[in-house]
Structure formats: C-alpha cells, structure tokens
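Trainee: Dropping a prediction and its sequence here:
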Amino acid sequence: MKLFSLKKLLIIGVTIFAVSCSSSEATPPATPNMTDGVPLPSATAVVTRAPSGTYGGTLTVVAAAQIPHRDVHQEVQETLTALGPGLAYSRLLRLRSGEGSNQPNLLLECDLCQSWELNEDLAYVFKLRPGINWQNVAPVNGRALNAQDIVFSLDRLKTPGWPNAPLLSSIGEVTALDDLTVQVELALEDADALLALADGHVKIVAPEVVAMYGDLKDAPVVGTGPWVWRE
C-alpha cells in the first residue's frame with residue numbers, strides 16, 4: 001500500500017512539472033510596446049514674421065565722443081557711423097540682427113539689396129529692392145534709389161588716401177547693369193569682400209549732396225535709412 005502511494009505521488013509530481021514547463025514554453029510573454037500611451041514627437045513649422053514698422057517717433061542719442069565732421073566716408077569715428085548721422089544711411093549689405101540672431105555674429109543679410117549671387121566671372125551681382133526712396137530732404141527730395149547711387153558711393157569711398165579706402169581694397173570696378181542691378185568685380189580674391197561691403201563705414205550716400213556741397217562734412221544728412229537726422 002505504501003509502495004503504491006509513493007509511486008502514485010511521483011507520477012502526479014512529474015505530471016504537474018511537465019504541464020508547468022509546457023505551458024511556459026507555449027505562450028511567451030507579450031513584448032511591451034514602448035510607444036503605448038506615449039505621444040510621438042512631430043515636426044513644427046518655423047514661421048518667420050515679416051518685419052514691420054510704424055512711422056513716427058523720436059530717437060534721442062547721447063554719446064560721449066567728439067565728431068570732427070559728418071562725412072561718413074572720410075571719418076573712422078565709430079560713433080559717427082553707428083549713432084547720430086550714421087543712422088540715416090543704409091548699406092548694400094549688413095550683419096544680421098534682430099530676434100533670433102545671436103550677437104555678435106558674421107552672418108550677412110541684404111540691406112538695400114534683395115539678393116546677390118556670384119557669377120561665372122567671379123563678380124558679385126546685386127539686385128536692389130524696388131521702392132526704396134531717399135529721404136525727402138533737399139537737394140535729393142525723396143527720389144528713388146538707383147544702381148548709380150551704389151556705384152557713386154563705393155567709388156567715392158575708395159578715394160586714394162581716405163581713411164576708409166582700405167576697407168574696399170579687394171573691390172574692383174563697380175557697374176550699374178540697370179536701374180536696380182549692380183555688378184561688383186573683385187580686384188583680388190578675397191573671402192571677406194562681402195563682409196567689407198557690410199562694414200558700418202560703407203554707407204550709400206546721395207550724389208546730389210556731394211555735388212552741391214563738395215563733401216558731406218557740413219552738408220545735410222540725406223539717407224535711405226529709417227531715421228531722419230535733425231540737428
């Protein structure tokens with residue numbers, strides 16, 4: 001009787017073990033899905049707001065500096081170009097500023113131009129923005145900006161012996177291809193030529209003012225920038 005009971009217990013134990021092993025091998029555990037209940041990231045379009053402005057207002061600037069005269073091409077004084085009369089003028093190119101721009105940087109953007117490209121002759125061709133006018137101050141009286149104004153200003157700045165002429169030492173002939181297109185040839189290979197055109201001293205000035213007064217030292221300040229100079 002004892003032998004039968006022991007044999008019976010052994011059979012029952014082996015059966016339970018076999019069933020247990022068979023069950024675990026037949027049904028593997030489900031692999032967890034890492035994305036269950038977790039929202040996937042999605043791309044968001046970056047919208048750049050178009051610049052806008054409101055006419056009017058007064059900007060009062062105080063600077064502890066002695067400015068000998070107002071000719072931005074014949075003076076290296078940074079205060080003259082960055083403040084005061086310098087605010088009235090524009091450049092062909094400028095360094096990028098504004099919201100989202102880390103300062104300082106060497107990123108270029110158009111000021112008076114709307115685009116530029118390097119052609120097969122290794123000359124830069126600039127397309128000017130249409131609809132830009134000089135400030136309504138005599139003797140320019142609000143006329144439209146044109147490519148000849150750019151040619152005049154760059155050629156004037158390169159006048160031998162002038163303190164800012166070395167800025168454009170790599171700039172060769174400047175030509176107006178039409179009213180809104182300027183070609184700037186390089187006198188020598190210079191990777192920084194565009195940075196030179198964006199320098200704060202490379203202002204675009206009105207030929208009529210220079211013709212009437214001889215220079216800009218004591219002449220009216222007439223530019224295409226957002227601020228009108230008042231003494």
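Mentor: Structure received.
Trainee: List the residues that contact the residue lying closest to His73 once chain neighbours are set aside.
Mentor: Excluding its sequence neighbours, the residue lying closest to His73 (Cβ to Cβ, 6 or more residues apart in numbering) is Leu157, at 4.9 Å. Backbone N, C-alpha and C define where each C-beta goes, glycine included. Listed by Cβ atoms under 8 Å, 6 or more residues apart in numbering, the contact partners of Leu157 are His73, Asn164, Ala165, Leu167, Leu168, His201, Val202.
Trainee: Am I right that the fifth one is in contact with Ala196?
Mentor: In this case it means Leu168. Yes - the pair Leu168 / Ala196 is scored as a contact, 5.9 Å apart, by Cβ atoms under 8 Å.
Trainee: Counting neighbours, go ahead and name the busier of the two.
Mentor: Just comparing Leu168 and Ala196: by other Cβ atoms under 10 Å the higher neighbour count belongs to Leu168, 21 against 17.
Trainee: what stretches of the chain score poorly on pLDDT?
Mentor: 1-53, 55, 61 (pLDDT under 70).
Trainee: now do 90
Mentor: Where the chain drops to pLDDT under 90, the residues are 1-68, 77-85, 95-107, 120-122, 189, 226-227, 229-231.
Trainee: For the residue nearest the centre of it, give me the backbone phi and psi.
Mentor: Note on the chain: the residue nearest the mean C-alpha position is Arg96, at 3.1 Å, using Cα atoms, centre = their mean. With angles defined as degrees, to the nearest 10, Arg96 sits at phi -60, psi 140.
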